[in-house]
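Trainee: Could you work out the structure for the sequence below:
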Amino acid sequence: MVEVSMTDAGMPGGAAPLSRGQGVALWRQIVGSIEGEISAGRLSPGVRLPTEAELSARFAVNRHTVRRAMEELQARGLVRIEQGRGSFVAEDVLDYPVGPRTRFSENIRRQNREPQGRILRLDEVEADGLVAEALHLRRGRPVAVAERLGLVDGRPVVVGTHHFSAARFPGILRLLSENPSITRALATLGVPDYRRQSTRITARMPTVEEATLLEQARTRPVLVTESLNVDPAGVPVELSIACYAAGRMQMVVEY
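Mentor: Model (predicted):
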């Protein structure tokens, strides 16, 4: 996590000190100072700002004045405040198209950002009711499971759990251990292309593990998608359940 320190004059770069007795409220001057640094690019998206105590000392004001300024910055969408973690410069929210052909890497590269995938867990389990119904399997049949972390420009945005029929795709776990690309693994195993048949989108609060992996507070919601991909013949290929950081990604449904 990147943090920003401040000079005695105010924000990085030696911003001018606050003017007292000039008719402009001190909290408004703090807002203007921080907003100016964000606009100038000296405070990058996602960076953690100094604490209230540190800001109070630098601007020589009480913490109530700083708190009022931070509330205004949050209301303008420039800063996000996470209870127990601090204040951060708001990130750009990425559009994530959901349509017949939804691919994480392609979606991210289309926006001139750098995607990355990291395998968290590979396992073979027995299909429960949800997975069995989605993949047209008998309950209890072996299912290959890959848990994967998706990042954009090095920042985590999604945790996905992907389910495949172990009988239909033998060796998929080995392939994913060598390369985290699901598209490449399926192509190697005889499915060069597939399409999204359905996507269910809900919202909830994250678990402790999800919040940790996504580097966000448990008080911030996540978007959850339950998606089924099928091959050109309509046969189920993959069921994925993904958890997205709602503050960094928004779903755009394409027709």
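Trainee: So which elements touch the helix or strand harbouring residue 34?
Mentor: Assigned by DSSP states H and E, residue 34 falls within helix 26-39. Under the contact criterion of 3 or more Cβ pairs under 8 Å, 6 or more residues apart in numbering; DSSP states H and E, helix 26-39 touches helix 52-59, helix 63-75. Every C-beta, even on glycine, is put in place using the N, C-alpha and C of the backbone.
Trainee: Tell me what angle the longest one forms with helix 52-59.
Mentor: Angle, helix 63-75 to helix 52-59, by axes from the mean of the first three to the mean of the last three Cα atoms, to 10 degrees: 100 degrees.
Trainee: Give me the distance between the next helix-or-strand element following helix 63-75 and the centre of its chain.
Mentor: Counting by DSSP H and E, the next helix or strand C-terminal to helix 63-75 is strand 79-82. Distance of strand 79-82 from the chain centroid (Cα atoms, centre = their mean, to the nearest Å) equals 15 Å.
Trainee: which residues are in contact with the following helix or strand past strand 79-82?
Mentor: With elements assigned by DSSP H and E, the helix or strand that comes after strand 79-82 is strand 86-89. With contact meaning Cβ atoms under 8 Å, 6 or more residues apart in numbering, strand 86-89 is reached by 38, 43-49, 51, 70, 74, 78-82.
Trainee: rerun that using 7 Å as the cut-off
Mentor: The set of residues external to strand 86-89 that reach it, using Cβ atoms under 7 Å, 6 or more residues apart in numbering, is 38, 43-49, 51, 70, 79-82.
Trainee: circling back to that earlier point, I'd like to check the angle between the helix holding residue 34 and helix 63-75, please.
Mentor: Angle between the axes of helix 26-39 and helix 63-75 is 50 degrees (criterion: the same axes, to 10 degrees).
Trainee: pLDDT averaged over helix 26-39 - what is it?
Mentor: The average pLDDT for helix 26-39 rounds to 91.
Trainee: buried stuff in that helix?
Mentor: Within helix 26-39, the residues that count as buried by 16 or more other Cβ atoms under 10 Å are 26-27, 29-31, 33-35, 37-38.
Trainee: hang on, the earlier thing: which among the contacts of strand 86-89 end up buried?
Mentor: Burial by neighbour count, judged by 16+ other Cβ under 10 Å, picks out 38, 43, 46-47, 49, 70, 79-81 from those.
Trainee: what residue ranges in the stretch 1-150 of the chain score low on pLDDT?
Mentor: 1-17, 21 (pLDDT under 70).
Trainee: Now with 80, please.
Mentor: 1-17, 20-23, 77, 82-85, 91-92 (pLDDT under 80).
Trainee: Pull out the CA atoms of the helix or strand containing residue 106 and give them to me as PDB.
Mentor: Assigned by DSSP H and E, residue 106 belongs to helix 104-109. Extracted in PDB, the C-alpha atoms of helix 104-109 (Å, rounded to 0.1, in the frame of the first residue of the first chain):
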ATOM      1  CA  PHE A 104     -11.100 -11.000 -18.500                       C
ATOM      2  CA  SER A 105      -7.800 -10.200 -20.200                       C
ATOM      3  CA  GLU A 106      -9.500  -9.000 -23.400                       C
ATOM      4  CA  ASN A 107     -11.900  -6.700 -21.500                       C
ATOM      5  CA  ILE A 108      -9.000  -5.100 -19.600                       C
ATOM      6  CA  ARG A 109      -6.600  -4.700 -22.500                       C
END
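Trainee: what distance separates that helix from the centre of its chain?
Mentor: On Cα atoms, centre = their mean, the centre of helix 104-109 falls 14 Å from the chain's centre.
Trainee: Which strands or helices does the next helix or strand after that helix pack on?
Mentor: Of the helices and strands lying after helix 104-109 in sequence (DSSP H and E), the nearest is strand 115-126. Judged by 3 or more Cβ pairs under 7 Å, 6 or more residues apart in numbering; DSSP states H and E, the packing partners of strand 115-126 are helix 104-109, strand 142-152, helix 172-178.
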